[in-house]
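Undergrad: below: sequence and its predicted model.
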Amino acid sequence: MKKTILLLIAIALFSGVFAETEKKMEDNSKKLAVLWTSGDVDVAEKMCFMYTYNAKKQGWFDEVVLIVWGPSVKLLSENKNLQDYVKKMKEAGVIVEACVACAKMYGVDKDLAEMGIDVKGMGTPLTKYLKEGWKTLSL
């Protein structure tokens, strides 16, 4: 009986120690990653940009990242209205990142960097956002 009680006490004490050392998952439910891949200006203006901008401006999410990927890199490099909108989003606190591989395929990596966009490999960051439980929207 004494051994059983001592065993139960030991388990209770050690389980608390192990529980404290476990890595706690951060609550990322207030973080949004918007993956913009469309080369369609209407999709950009009438959905993607409106929602992304307001998600940050209205406080719907604490952190908002716009990822420019695929044909959208070319569209953004050519369209002054979209460039102005991206500038407005950045001023509101939206983080803007672009896929370097896509930007290089279209020859616009330097153009996007000159706009203050973080042009980099996006496979790892996007995977991180997904694994960490960020809300994601793909357009």
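TA: Arrived safely, thanks for sending. Numbers count the residues shown, from 1 in each chain.
Undergrad: model confidence for the closest residue to Asp40 other than its chain neighbours, exactly?
TA: Nearest non-adjacent residue to Asp40, counting by Cβ to Cβ, 6 or more residues apart in numbering: Leu75, 7.8 Å away. Quick note: C-beta positions are derived from backbone N, CA and C, even for glycine. We have a pLDDT of 98 for Leu75.
Undergrad: same check, this time on Asp27
TA: Listed pLDDT for Asp27 reads 87.
Undergrad: now do it against Val65, distance only.
TA: Distance, Asp27 to Val65, using Cβ to Cβ, to the nearest Å: 17 Å.
Undergrad: so between those two, which is more surrounded?
TA: Ranked by neighbour count (other Cβ atoms under 10 Å), Asp27 and Val65 place Val65 first, with 22 against 9.
Undergrad: partner strands of the helix or strand hosting that one and their direction?
TA: Using DSSP states H and E, Val65 sits within strand 63-68. Sheet pairing of strand 63-68 (DSSP bridges) gives strand 31-36 (parallel), strand 95-99 (parallel).
Undergrad: downstream neighbour of that strand in the secondary structure list?
TA: Downstream of strand 63-68, the first helix or strand assigned by DSSP H and E is helix 71-78.
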